[in-house]
Every structure is written in C-alpha cells, then in structure tokens.
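A.B. asks: Take this sequence and fold it.
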Amino acid sequence: MTALAERKKVPEARQATPHARMAKILFVHNNFPGRFEFLLPSLLSAGHQCAAIAQGGRQVEGIPLLQWKSKRSSTPGILDLAVRAEADLIRGRAAADCALQLKESGFEPDLVIGHPAWGEVAFMKEVFPLARQILVGEFYYKAKGGDVGFDPEFSDQGAPDAFRVHAKNAVMAMTYADADRIICPTPFQASAFPPALRDRALIIHEGIDTDRIKRRPNARLKLGETREIDGTTPVVTFINRVFEPMRGFHIMMRALPALLKAVPNVTVLMIGSEKTSGYGAPAPEGGTWLSYMMKEVGTRLDPSRVLFTGPVPHETMLTALSLSWAHVYYTYPFVLSWSLVEAMGCECLVLGSDTPPLHDAIEHGRNGLLHDFFDAAALSQAMIDACNHPERYAPLRSAARQTVLERFDQRAVCLPAWLKVIDELL
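C.D. replies: Down below sits the predicted model:
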C-alpha cells in the first residue's frame, strides 16, 4: 500500500474512511500529538476512545494524556555502545508505568499507534499483549548508505563509528519486532529498514493541508520596524530547523557570494535556528555552524541582503515561501523535511540536492531542479538563473504544486490511507 501512488484529487477522497467498529486507541509519542495530530479528528468523530502517553506535548480535547516521569538518568561510565539503548529503556520503563495506570483504570487498547524513536513504545506489547500496533518508521540508522560518512569534509568531526550507529537501533529494533505495521513517510526511509522489517513497512506520508499551504497572492513579509519584502525583486529562501551541514547549510553559504555578485537586488531569507542541537555533528570548538561558516564567507556576504531571521512562526514561513523565486533544499541521505513538501505546495521553484530523499518528491526538470550536493558553483548558477529568468521555471512551479496535490495532500490522499490501515487492523 502506498500513498505516494498517483491519485486524482476529487471531493469524495476528502471523506474519512468508514471505521470497522468503535475501538480504544492508545497513542504513544514523546511529544504528543506530534505527527499524529492530523489523525485525531477523524478517529474521535468516528467514536473511537483515545488516550495518549508522552513525556511532553500538550493536551488535546477528548484525549486523556498521561505524561511519564523518571527519577533515573543515564548511568555515568556505561559502555559507550549502550548509552542510547539505556536511555531508550529508561524512557520505555517510565512510559510503561503510565500504561499500567491506564490498564488499572480499565483502559485496554485495541490498537497502539506509536513513534518508537525515543523508546516509549518498548514495553507496550508486554502491558497490552492483545493490542495491535502501528509504529512510525521514521529512520533506521545505518553506518553506510545514509547520513553517516556521506560528507567527507566533516566525517571525522564527531561522527559516530559504525558500531555506535548500529547500536542506536537496539531498542527500536526490539519495538519494531512487535509491530503489525510500520508506516514510513517515503520510499527512501522505508529502504533503510532491514529486510525482516521491511516486509511490514507501508509508505504513507503524513501530508500537508493544501487548502492552507499554498502560494499567497500579494504576500508581504515585514522584518523589523522598517523592512518589508513584497517579492517584486528576487527572493531566495533557505529553511532549516537548525543550520547544519546535514541540511546543506555549508553548501548554501558557499554559494551565496556568487549569487550576490550576479544579482545585485536579490534578498536571501535564511530561516532557522543557530543552535547546535540538530541531527548531525556539532560544530567545531563548541561554536555554531553559522559562526563557523561566517569565518569562511562572512566578509563576502552583504548583511542587508542575506537576512538570518532565526526561527519564525509557521504562518511567517508560508509567507516567505509565497515570495520565493527559488527555494533551496539540500540534505544528506536522511529524513525528508516537511518544509520541502510545503515549499512545493507553495509553488516554489525547488533547487534541491541530487540525493536519495529528494528523489521521492522531485523529478529533475519536471517539478524542480537537482544538483550535486557538493557543487556549490552549480547551486550558485541555479539561483542566478532562477532570479534572472523566472518565466522559464513557471511550469516547474505548477508541477511542484500538482505533485503535492496528487501525492502529499493530507485530506485527499494521506489521511484516507492511514485510516484504511487502522481499519484493517481493527
């Protein structure tokens, strides 16, 4: 089953799949509701009784939330390879205490829907042996063929060795072994799983709300007290949760000087956080990747035209995408960001890296452009062309939006596919 198959967006597809019967469903997510939020209205309206276990997150009306706590922390001096597994098991044990409270109160779920990345799902099968399980398959760590070792420039700066990478899967693998279905957002993410688990993997993206996430006519972005951007002159966008090499930040920074020289009226919006808690290796010497790259190229960047906005509200981000003449999205072989799909939904011209995650959304020359990840000069030229000849890329912009409507529309494609799996297990 796949929600990435080509489908037409028709009104009937917006109707939720009828449910087999009313059931009790337990959600387990470190930061509930997290990626499960889009499922909740349909499940509640169908009469299902839901509960949730999390460490943080927030309360959702109609869904009791039990937040786990643990008095124990990781053991100092433990075998390096076991650090991640111990932390996951500590979280799993604390979450199991919440599950036991639910059980004592009379809540026995028919179905557990969980995200196993932090360990909380580890013992749910022991507490609720009759419950079916749907687990998110976000990423299965690999020492080869994934993000580790992909970038030779930083491969020796804090990157874990092969044993440690494989060991990060320990508790996840134990948890996935109990899953009835593993739902992966993209084919690349599914391909990372070992064959024994891949047989249970379905490819269903969470999707985006295309009624809300779309290009906004006459958009204006106010920055500070006096600066306003209206898109009448070239705007290039780059969005990272955290600026880091894993998402191509260093390549983007190296591509900017040539762009600024060739397109004097371009504005570059660099949206994201400078903090160091990203997915990849920390910056050298305890600094940030922004400060690291500014030492290399900062003297060639005009601060009045390259604007580091910091994190912004989602609505502000959508406004920026509506102004974008070119949106740069680069990534190591890793999880595909929602921001890419949202940029496509806003009819951005995507300038992406020719890496496996992008192949699941972008076809070069049809709905975006892909370039060698490490070729900063190619990215510079692509941004220059996009700014100087925007009319050439109008078909790619439209095709990007159409791709989202056909493959990533939350109501028409992704939600029905998720609900179908839930119904099959119930």
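A.B. asks: which is the next helix or strand following the helix or strand in which Leu340 is found?
C.D. replies: Taking DSSP states H and E as the definition, Leu340 sits inside helix 338-345. Using DSSP H and E, the helix or strand that follows helix 338-345 in sequence is strand 350-353.
A.B. asks: Only C-alpha atoms, please: export that next one in PDB.
C.D. replies: Output in PDB follows, covering the C-alpha atoms of strand 350-353 (Å, rounded to 0.1, in the frame of the first residue of the first chain):
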ATOM      1  CA  VAL A 350      12.900  23.900  -5.700                       C
ATOM      2  CA  LEU A 351      16.600  23.800  -6.100                       C
ATOM      3  CA  GLY A 352      17.500  20.600  -4.400                       C
ATOM      4  CA  SER A 353      20.400  18.200  -3.800                       C
END
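A.B. asks: which helices and strands does that strand pack with?
C.D. replies: Contacts defined by 3 or more CB pairs under 8 Å, 6 or more residues apart in numbering; DSSP states H and E place strand 350-353 against strand 326-329, helix 338-345, strand 369-371, helix 376-388. Placement of C-beta: from N, CA and C, glycine included.
A.B. asks: looking at those, which is buried most?
C.D. replies: strand 326-329 (a mean of 28; mean count of other CB atoms under 10 Å).
A.B. asks: Sheet partners, orientation included, of that one?
C.D. replies: Sheet pairing of strand 326-329 (DSSP bridges) gives strand 235-242 (parallel), strand 350-353 (parallel).
A.B. asks: export these to a markdown table and tack on distance to Gly368?
C.D. replies: Below are the strands paired with strand 326-329 laid out as a markdown table (distance: least, CB to CB, whole Å):
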| stretch | distance to Gly368 |
| --- | --- |
| strand 235-242 | 14 |
| strand 350-353 | 4 |
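A.B. asks: now those in CSV, with mean neighbour count and distance to Val121?
C.D. replies: Shown next, in CSV, are those (neighbours: other CB atoms under 10 Å; distance: least, CB to CB, whole Å):
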stretch, mean neighbour count, distance to Val121
strand 235-242, 24, 24
strand 350-353, 25, 32
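A.B. asks: now the ones you listed in JSON lines, with mean pLDDT?
C.D. replies: Below are those laid out as JSON lines (pLDDT from 0 to 100):
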{"stretch": "strand 235-242", "mean pLDDT": "97"}
{"stretch": "strand 350-353", "mean pLDDT": "98"}
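A.B. asks: Can you give the domain ranges for the protein?
C.D. replies: 11-207+409-425, 221-407 (automatic domain parsing).
A.B. asks: Of those domains, which is nearest Lys214?
C.D. replies: Nearest of the domains of the chain to Lys214, taken as CB to CB: domain 221-407 at 6.0 Å.
A.B. asks: Just give me how far that closest one sits from the chain centre.
C.D. replies: For domain 221-407, the separation from the chain centroid amounts to 16 Å (computed by CA atoms, centre = their mean, to the nearest Å).
A.B. asks: Endpoints of that domain, how far apart?
C.D. replies: 29 Å (CA to CA, to the nearest Å).
A.B. asks: next one: stretch 353-373
C.D. replies: End residues of stretch 353-373 are separated by 5 Å (CA to CA).
A.B. asks: Residue ranges in the stretch 201-350 of the chain under the pLDDT threshold?
C.D. replies: Scanning the stretch 201-350 of the chain for pLDDT under 70 picks out 277-278.
A.B. asks: residue ranges of the helices in it, please?
C.D. replies: Applying DSSP state H, counting those that start in this stretch to the stretch 201-350 of the chain gives helices spanning 249-262, 289-297, 314-323, 338-345.
A.B. asks: Which residues in stretch 167-185 does the neighbour count mark as buried?
C.D. replies: 167-176, 178-179, 181-185 (16 or more other CB atoms under 10 Å).
A.B. asks: before we move on, what about stretch 313-320?
C.D. replies: Neighbour count says stretch 313-320 has 317-320 buried, by 16+ other CB under 10 Å.
A.B. asks: pretty sure Asp230 contacts Leu223?
C.D. replies: No - contact criterion CB atoms under 8 Å: Asp230 and Leu223 do not qualify, at 11.7 Å.
A.B. asks: This completes my enquiry, with thanks.
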